[in-house]
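Student: The following comprises the amino acid sequence and a computationally predicted model.
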Amino acid sequence: MRDIVYRALTSVSRKKQDICIQETLKQNGITSMTERRCRYFVMGKTIINNIDNIEKIAQAKFSDAKYKKRHYYVLKTRDSARCSDTLLCKIAGMLYAVHGVTIYCIAYVHSFKITFKSGGII
(Lines give C-alpha, C1' and ligand atoms only; values in the text may rest on other atoms or scores of the structure.)
Protein backbone atom coordinates (compact mmCIF):
# COMPACT_ATOMS: atom_id res chain seq x y z
CA MET A 1 0.00 0.00 0.00
CA ARG A 2 1.26 3.47 -0.84
CA ASP A 3 -0.06 6.81 0.49
CA ILE A 4 1.09 10.21 -0.79
CA VAL A 5 0.25 13.50 0.94
CA TYR A 6 1.02 16.94 -0.55
CA ARG A 7 0.73 20.17 1.44
CA ALA A 8 1.49 23.74 0.42
CA LEU A 9 1.12 26.35 3.16
CA THR A 10 1.58 30.10 2.73
CA SER A 11 1.48 32.48 5.69
CA VAL A 12 -1.00 35.35 5.83
CA SER A 13 1.82 37.90 5.54
CA ARG A 14 3.16 35.95 2.47
CA LYS A 15 6.69 36.06 3.89
CA LYS A 16 6.77 32.29 4.52
CA GLN A 17 5.96 29.28 2.38
CA ASP A 18 6.09 25.62 3.37
CA ILE A 19 5.78 22.80 0.81
CA CYS A 20 5.74 19.20 2.02
CA ILE A 21 5.37 15.84 0.30
CA GLN A 22 4.98 12.71 2.45
CA GLU A 23 4.95 9.16 1.14
CA THR A 24 4.27 5.99 3.12
CA LEU A 25 5.02 2.59 1.62
CA LYS A 26 4.29 -0.77 3.28
CA GLN A 27 5.88 -3.85 1.74
CA ASN A 28 7.13 -7.21 3.08
CA GLY A 29 6.53 -6.23 6.71
CA ILE A 30 8.61 -3.04 6.44
CA THR A 31 7.06 0.41 6.53
CA SER A 32 9.03 3.27 4.99
CA MET A 33 7.99 6.89 5.32
CA THR A 34 9.68 9.68 3.37
CA GLU A 35 9.14 13.38 3.81
CA ARG A 36 10.45 16.10 1.50
CA ARG A 37 9.96 19.60 2.83
CA CYS A 38 10.90 23.01 1.43
CA ARG A 39 10.53 26.16 3.52
CA TYR A 40 11.11 29.66 2.16
CA PHE A 41 11.27 32.93 4.13
CA VAL A 42 11.53 36.42 2.59
CA MET A 43 14.28 38.07 4.64
CA GLY A 44 14.51 41.39 2.83
CA LYS A 45 13.80 43.25 -0.35
CA THR A 46 15.38 46.15 -2.21
CA ILE A 47 13.72 48.27 -4.88
CA ILE A 48 16.16 49.48 -7.52
CA ASN A 49 15.90 52.46 -9.85
CA ASN A 50 18.57 51.50 -12.41
CA ILE A 51 18.24 47.98 -13.81
CA ASP A 52 21.66 48.12 -15.53
CA ASN A 53 23.59 47.46 -12.30
CA ILE A 54 21.26 44.88 -10.77
CA GLU A 55 24.02 42.36 -9.95
CA LYS A 56 26.25 44.96 -8.28
CA ILE A 57 23.33 46.23 -6.20
CA ALA A 58 22.44 42.68 -5.06
CA GLN A 59 26.06 41.94 -4.12
CA ALA A 60 26.43 45.23 -2.22
CA LYS A 61 23.12 44.91 -0.38
CA PHE A 62 23.51 41.27 0.68
CA SER A 63 27.30 40.90 0.81
CA ASP A 64 27.41 39.80 4.45
CA ALA A 65 29.05 36.38 4.90
CA LYS A 66 26.00 34.91 6.67
CA TYR A 67 24.02 35.24 3.43
CA LYS A 68 26.58 33.32 1.36
CA LYS A 69 27.21 30.24 3.48
CA ARG A 70 25.13 27.07 3.11
CA HIS A 71 24.73 24.64 5.96
CA TYR A 72 24.38 20.87 5.55
CA TYR A 73 23.18 18.48 8.22
CA VAL A 74 22.97 14.68 8.12
CA LEU A 75 21.62 12.82 11.14
CA LYS A 76 21.01 9.09 11.51
CA THR A 77 19.17 7.67 14.50
CA ARG A 78 18.28 4.13 15.54
CA ASP A 79 15.49 3.33 17.98
CA SER A 80 15.83 -0.29 19.13
CA ALA A 81 12.69 -0.17 21.25
CA ARG A 82 10.52 0.75 18.24
CA CYS A 83 12.62 -1.15 15.66
CA SER A 84 13.06 1.94 13.51
CA ASP A 85 15.88 3.77 11.70
CA THR A 86 15.71 7.40 10.63
CA LEU A 87 17.91 9.39 8.26
CA LEU A 88 17.51 13.19 8.12
CA CYS A 89 19.29 15.45 5.62
CA LYS A 90 18.91 19.24 5.79
CA ILE A 91 20.28 22.09 3.68
CA ALA A 92 19.85 25.72 4.73
CA GLY A 93 21.00 28.82 2.88
CA MET A 94 20.04 32.01 1.05
CA LEU A 95 19.09 32.83 -2.51
CA TYR A 96 18.12 35.96 -4.41
CA ALA A 97 15.16 36.51 -6.71
CA VAL A 98 14.49 39.45 -9.01
CA HIS A 99 10.94 40.44 -9.91
CA GLY A 100 10.58 43.60 -11.94
CA VAL A 101 12.63 46.24 -10.11
CA THR A 102 12.69 44.44 -6.75
CA ILE A 103 15.43 42.14 -5.44
CA TYR A 104 14.30 39.66 -2.76
CA CYS A 105 16.62 37.94 -0.30
CA ILE A 106 15.10 34.54 0.51
CA ALA A 107 16.22 32.08 3.18
CA TYR A 108 15.46 28.42 2.55
CA VAL A 109 15.53 25.13 4.42
CA HIS A 110 15.20 21.91 2.41
CA SER A 111 14.91 18.64 4.29
CA PHE A 112 14.61 14.97 3.37
CA LYS A 113 13.67 12.45 6.02
CA ILE A 114 13.41 8.66 5.66
CA THR A 115 12.11 6.39 8.41
CA PHE A 116 12.16 2.59 8.19
CA LYS A 117 10.24 0.44 10.63
CA SER A 118 9.90 -3.31 10.63
CA GLY A 119 6.28 -4.35 11.25
CA GLY A 120 3.45 -2.16 12.50
CA ILE A 121 2.76 1.53 11.88
CA ILE A 122 5.25 4.36 12.21
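Tutor: That came through, no problem.

Student: can you pull out the strands in the chain?
Tutor: Under the criterion DSSP state E, the chain contains strands at 2-10, 16-27, 30-47, 71-79, 84-99, 102-118.

Student: Strand partners (parallel or antiparallel) of the last one?
Tutor: Each strand paired with strand 102-118, and its direction, by DSSP bridges: strand 30-47 (antiparallel), strand 84-99 (antiparallel).

Student: could you check the angle strand 16-27 makes with that strand?
Tutor: 20 degrees (axes from the mean of the first three to the mean of the last three Cα atoms, to 10 degrees).

Student: Give the buried residues for strand 102-118.
Tutor: Ile103, Tyr104, Cys105, Ile106, Ala107, Val109, Ser111, Lys113, Ile114, Thr115, Phe116, Lys117 (16 or more other Cβ atoms under 10 Å). From N, CA and C alone the C-beta is placed, and that goes for glycine too.

Student: Hmm, the last one is touching Lys26, no?
Tutor: Yep, that's Lys117 we're talking about. No: Lys117 lies out of contact with Lys26 (Cβ atoms under 8 Å); the separation is 9.7 Å.

Student: which ones are touching Val74?
Tutor: Contact analysis of Val74 by Cβ atoms under 8 Å, 6 or more residues apart in numbering lists Leu87, Leu88, Cys89, Lys90.

Student: circling back to that earlier point, by mean pLDDT, show me the worst of the strands of the chain.
Tutor: Least confident of the strands of the chain, judged by mean pLDDT, is strand 2-10 with a mean of 72.

Student: Spell out for me which residue occupies the centre of the protein.
Tutor: Central residue of the chain (Cα atoms, centre = their mean): His110, 2.2 Å from the mean position.

Student: Contact partners for the nearest residue to it once chain neighbours are set aside?
Tutor: Nearest residue to His110, sequence neighbours excluded (Cβ to Cβ, 6 or more residues apart in numbering): Ile91, at 4.8 Å. For Ile91, the contact set (Cβ under 8 Å, 6+ apart) comprises Arg70, His71, Tyr72, Tyr73, Tyr108, Val109, His110, Ser111.

Student: can you pull up the bridge partners for the closest residue to Tyr40 other than its chain neighbours?
Tutor: Using Cβ to Cβ, 6+ apart and skipping residues adjacent in sequence, the residue nearest Tyr40 is Gln17, 4.7 Å away. Assessed by DSSP bridges, Gln17 has beta-bridge partners Thr10, Tyr40.

Student: Alright, that wraps it up for me.
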